[in-house]
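> structure for this input, please:
(one chain, ligands or ions: 1)
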Amino acid sequence: MRLRPTVEGTEDTDVLEEKNRVRSGIIRPSTHDIVLKDTTKYFKKFLAVNQLCLGVKKYECFGLLGVNGAGKTTTFKMLIGDLKISFGDGWICRWSLKGNIEEARTCIGYCPQSDCLLGNLTGKEILIIQCLIRGIPIFHCNSIIIALAKALKLENHLNNKIKHLSGGNKRKIQTAIALIGKPPVICLDEPSSGMDPSSKVFLWNTLCKVRDSGSCLVLTTHNMDECEAICTRAGIMVNGAFQCLGSPQYLKNKFANGFMLMVKVKKAINDQQAESNIEETKLFIETNFPLAELKERHENLLTYLVKSEQIEWAAIFGTMEKAKKIVAIEDYSLSQFDLEQVNRYLNNSLYIGCGEIRVRFARGNLLR
Ligand SMILES: Nc1ncnc2c1ncn2[C@@H]1O[C@H](COP(=O)(O)OP(=O)(O)OP(=O)(O)O)[C@@H](O)[C@H]1O
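Next up, the predicted model:
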C-alpha cells in the first residue's frame, strides 16, 4: 500500500498561498506553462518530494534552491517524465505529466545535472542530431548552431570531440541542446556548474534573453548570484517541500533583514576559565543586542543571528570594539545575511562549516 504524503508543516504563507491558488484553479494549465499540483514522489517509503504546488508562466524563470538532497533533481525528473509522480499531477503546456508525457516532452528543453554526451562525436555533430530530433530541417541546422555557439561562447570548441572538451564546455553543449528549437519550457539542472566566472556571466545574459523572448525557465542552482541574475522567482526546498517562495529580492528582504555576528572568545588556561569567558561574552552580546539569537557554539566560536534592520553598522562596530576592551573577545566578524545564507538557514545547515561562510575574521572589518 502506498503512503499518503504528510500534512503540511511549517511552510511560509507565500507557499500556502501558492498552494491555495493551484488547488482553487486560479493557477491552472491554461494560464501557466508549468503547473505542479500536490506533486509528490516516494522512493519506496522515502518521501523525496512532498506536495509541491507551483505555477510558472512565460517570461518567468523559476529558481529551485536547496541543499544537496532537498529534492530539486527529483522534481526536475518528474517534470521531464524521467520519474513517475506518486501522488498529485503536473502539466507542461497543458499536457498532463501523468496522462500525456510524450506530448509534454515535445515542449521541454532539458539540461541534466550530469552530462550525457557521446564522447566520440564533436559538439557540432551532437547539436545537428539534436536539431534533427527537434524536427528542424537540415538546411537550417548550421545557422541555428552558429547562433547558439555565439550565445554560449562555444565557437572555438564546436569541432572538437566531446571527450576532449573541458567540463565547463561540456556544460555549454548540454545547455545548447536544451535551447535548440526554442522550446516553450526549459529545465536547467545546475547549468553553470564547472564554468569559469566570465562564461557564467555570459550564460546568465543568454538565459535572460531566452527568458525575455517568452520561454518559461526553471533552473536549479547552488549559486545565489546566478539565482539573482536570472530568476524572477525562486523557491527554497527543504526536505522535499517549498519552505518559502518569492522573487530573490523579496526573499532577501523577508528573511535577510539582519546580520550574522561571529565572535571568537579568547582561549583560556583551563576549562573553567574558558567557560567563564564564554558566559561573560554571551551576557555582553545578549545585553547589547537583545535580538541576537545564538545559532551555534563551536569551541570558542559563537555565531549569532541578529534579526534587525534598526541597528546601524557603525553602532555595531562601536559596541564590539568596546566589548574587546571589557570582555575576553579575541576577534569578531560581521556579515549581512544574503540569499545564500537564507537558503542555508532554512535548511538548518547555515553553520555546518565556518569555512563555507564568506566572511573571515579581521579586526572589525567586514570582508565578503
Ligand atoms: N532513485 C532514487 N532512489 C531512492 N532515493 C532517491 C533516488 N533519487 C533520489 N533519492 C533521494 O531523494 C532525495 C532527494 O534527492 P535529489 O537528487 O532530488 O536532491 P537534490 O536537491 O537534487 O540534491 P543535489 O543538490 O545534490 O542535486 C535524496 O535524499 C536522495 O537520496
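> quick one: residue 199 is in a helix?
Yes: Residue 199 sits within a helix when classified using DSSP: H, G, I helix; E, B strand; the rest coil.
> now the residue of the stretch 101-250 of the chain found nearest the ligand: closest residue in space, sequence neighbours ignored.
Evaluated by Cβ to the nearest ligand atom, the stretch 101-250 of the chain has residue 113 as its residue closest to the ligand, separated by 5.9 Å. For the C-beta atoms, the positions are set from N, CA and C on the backbone; glycine is no exception. The shortest distance from residue 113 to any residue other than its chain neighbours is 4.1 Å, reached at residue 189 (Cβ to Cβ, 6 or more residues apart in numbering).
> can you give me phi and psi for that neighbour?
Summarising the backbone geometry of residue 189 under the convention degrees, to the nearest 10, its torsions are phi -100, psi 100.
> what are the bridge partners for the residue nearest to residue 234 when sequence neighbours are not counted, then?
Across the structure, with Cβ to Cβ, 6+ apart as the measure, the residue nearest residue 234 apart from its sequence neighbours is residue 63 (3.7 Å). Residues found in beta-bridge contact with residue 63 (criterion: DSSP bridges) are residue 219, residue 234.
> and for the residue nearest to residue 113, the neighbour number?
The local packing count at residue 189 equals 23, with neighbours defined by other Cβ atoms under 10 Å.
> who touches it in this structure?
The contact partners of residue 189, taken as Cβ atoms under 8 Å, 6 or more residues apart in numbering, are 72, 73, 76, 110, 111, 112, 113, 219, 220.
> now do the end-to-end distance for stretch 209-217.
Distances were taken as Cα to Cα, to the nearest Å; on that basis the terminal residues of stretch 209-217 are 11 Å apart.
> brain fart, stretch 143-163
For stretch 143-163, the first and last residues are 24 Å from each other (Cα to Cα).
> please apply the same query to stretch 287-295.
With Cα to Cα applied, stretch 287-295 spans 16 Å between its terminal residues.
> now do the contacts for the residue nearest to residue 234.
Taking Cβ under 8 Å, 6+ apart, we find residue 63 in contact with 218, 219, 220, 221, 226, 227, 230, 231, 233, 234, 235, 248.
> against residue 231, how distant is it?
Distance, residue 63 to residue 231, using Cβ to Cβ, to the nearest Å: 4 Å.
> okay, residue 358: pLDDT?
On the pLDDT scale, residue 358 is placed at 30.
> sorry, wrong one. I was asking about residue 68.
pLDDT recorded at residue 68 is 81.
> any figure for the gap between it and the ligand?
3 Å (Cβ to the nearest ligand atom, to the nearest Å).
> past the host helix or strand of residue 251, which element shows up next along the chain?
In the assignment (DSSP states H and E), residue 251 maps to helix 248-255. Toward the C-terminal end, the helix or strand that comes next after helix 248-255 (DSSP H and E) is strand 259-265.
> show me how far that following strand is from its chain's centre.
26 Å (Cα atoms, centre = their mean, to the nearest Å).
> helices or strands up against it?
Here strand 259-265 touches helix 271-288, strand 301-306, helix 313-326, strand 329-336, going by 3 or more Cβ pairs under 8 Å, 6 or more residues apart in numbering; DSSP states H and E.
> and of the ones you listed, who's closest to residue 118?
strand 329-336 (45.0 Å; Cβ to Cβ).
> off-centre distance for the closest one?
Strand 329-336 has its average C-alpha position 27 Å from the chain's average C-alpha position, going by Cα atoms, centre = their mean.
> buried residues, that strand. List them.
Residues of strand 329-336 classed as buried: 329, 331, 332, 333, 334, 335 (neighbour count, 16 or more other Cβ atoms under 10 Å).
> least confident pick among those?
Minimum pLDDT for the buried residues of strand 329-336 is recorded at residue 335 (77).
> mind checking how far that residue is from residue 261?
Applying Cβ to Cβ, the value for residue 335 to residue 261 is 9 Å.
> now residue 55
39 Å.
> please apply the same query to residue 300.
The span separating residue 300 from residue 261 equals 15 Å under the rule Cβ to Cβ.
> quick one: which of these two has more around it?
Using other Cβ under 10 Å, the more surrounded residue of residue 300 and residue 261 is residue 261, with 21 against 17.
> check contacts around the closest residue to the more buried one other than its chain neighbours.
Leaving aside its sequence neighbours, residue 261 sits nearest to residue 304 (Cβ to Cβ, 6+ apart; 4.4 Å). With contacts defined as Cβ under 8 Å, 6+ apart, residue 304 is in contact with 260, 261, 262, 263, 285, 289, 292, 293, 294, 295.
> again, only using 7 Å
Going by Cβ atoms under 7 Å, 6 or more residues apart in numbering, residue 304 touches 260, 261, 285, 292, 293, 294, 295.
> next one, pLDDT for it please.
The model reports residue 304 with a pLDDT of 86.
> for it, give the beta-bridge partners.
Beta-bridge partners recorded for residue 304 (DSSP bridges): residue 261, residue 294.
> ok, now how distant is it from the ligand?
As defined by Cβ to the nearest ligand atom, residue 304 lies at a distance of 28 Å from the ligand.
> ok, back up a step: the residue of the stretch 101-250 of the chain closest to the ligand reaches residue 73, doesn't it?
Yes: Residue 113 sits in contact with residue 73 when judged by Cβ atoms under 7 Å, with a separation of 5.7 Å.
> good, we can wrap up now.
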